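>>> Make a model of this:
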Amino acid sequence: MSLKSKFSEELKIALKAKDPVKLRTLRALISALQMKEIEERQGGVAALSEQQELAVLQKQAKQRQDSIAQYHAAGRTDLVATEEEELLVIQSYLPAELSDEEIAQVVQQAIQDLGVTSQKEMGKLMGVVMGKLRGKADGKRIQTVVKSLLS
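Numbering: from 1, shown residues only. So this is what the prediction gives:
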């Protein structure tokens, strides 16, 4: 079952439960998925893959995190609370992120496979690692682990 159909079902449940946070968040997610479908349809693809759907979810979560930081800086605690509620709903649909130790294991394996020895080759290493860990960990966390292992 695609995320879009799952969200449609969850939307019906949220309507019946009169849950305004979940309602607005699911509507926003469905809208974002539809926008991505339209964008991909122009490229000749009919439906989104599971990885593309996951990327849309992660982008939505990242937008909420950025908004929270900006609203915090502006002192808008009312808007911070709204964004945090939506972020919690989005995170409930995202897979659990890997721990730093699990990321380090993947990075160490990639270092051995590629024979990387210095930070000059970090770009090549990051490309391989990001391909393996896409959707499983934040890129900044991965970069931090890679830098620590290469230094």
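>>> what's the spacing between residue 129 and residue 65?
Look at residue 129 and residue 65: by Cβ to Cβ, to the nearest Å, they are 22 Å apart. The way it works is simple: take the backbone N, C-alpha and C, and place the C-beta from them, glycine included.
>>> neighbour-wise, which of these two wins?
Neighbours were tallied for residue 129 and for residue 65 using other Cβ atoms under 10 Å; the higher tally belongs to residue 129 (24 against 15).
>>> pretty sure the more buried one contacts residue 142?
Yes - if you go by Cβ atoms under 8 Å, residue 129 and residue 142 touch, sitting 6.0 Å apart.
>>> Give the residues shared as contacts by the two.
Common neighbours of residue 129 and residue 142, counting by Cβ atoms under 8 Å, 6 or more residues apart in numbering, are residue 107.
>>> domain ranges for the chain?
3-93, 100-150 (automatic domain parsing).
>>> If you average pLDDT over each of the ones you listed, which is lowest?
Lowest mean pLDDT within these: domain 100-150, at a mean of 83.
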